[in-house]
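**Q** dropping the sequence and predicted coords here.
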Amino acid sequence: MKYVLLGYDLDRSLEHLAAKDKGALHREHAALHLTARASSGVRLISHYRFRSPPEATTVHLAGTDLTRRDGPATSASGALRALYLVESDDLDALVVLAGRLPAVGAGATIEIWPLVEPRIH
């Protein structure tokens with residue numbers, strides 16, 4: 001089954017890391033990509049970091065009017081920092097993997113969402 005892990009910096013602790021500490025986190029994430037499958041049975045398909053909230057664009061359809069505005073849709077979206085697409089048959093293994101993410105050790109919070117594959121007829 002596929003899942004998305006969403007990484008949040010709710011208390012903004014990652015924003016204040018020194019550049020060398022951010023670089024170390026990125027290197028730890030890269031190493032985790034290489035070891036995740038072998039050690040946990042979780043296939044890490046992809047990982048993306050989000051750019052800063054002002055770079056987001058929100059689109060909304062109100063009646064027949066399509067509106068567009070700069071920034072995230074909600075203030076909580078501003079704390080969204082990373083997305084991991086993973087595959088596993090074991091939710092417990094995903095929880096363990098989430099706890100191993102370097103950003104969690106620096107204060108990040110992870111949500112695990114199961115995904116539904118679209119049915120194409």
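**A** Structure received. Numbers count the residues shown, from 1 in each chain.
**Q** packing partners of the helix or strand of the chain with the lowest mean pLDDT?
**A** Using mean pLDDT, DSSP states H and E, the weakest-scoring helix or strand in the chain turns out to be helix 19-40, at a mean of 76. Under the contact criterion of 3 or more Cβ pairs under 8 Å, 6 or more residues apart in numbering; DSSP states H and E, helix 19-40 touches strand 43-49, helix 91-100, helix 102-105. Any C-beta I mention is one placed from the backbone N, CA and C, and that applies to glycine too.
**Q** please repeat the previous calculation with a cut-off of 10 Å.
**A** Applying 3 or more Cβ pairs under 10 Å, 6 or more residues apart in numbering; DSSP states H and E, one finds that helix 19-40 contacts strand 43-49, strand 80-87, helix 91-100, helix 102-105.
**Q** ramachandran angles for the residue sitting furthest away from the middle of the chain?
**A** Residue farthest from the centre of the chain, counting by Cα atoms, centre = their mean, is residue 64 at 32.4 Å. Backbone geometry at residue 64, expressed as degrees, to the nearest 10, gives phi -110, psi 0.
**Q** pretty sure residue 33 sits against residue 46.
**A** Yes - assessed by Cβ atoms under 10 Å, residue 33 is found in contact with residue 46 at 9.3 Å.
**Q** I'm done for today, thanks for sticking with me.
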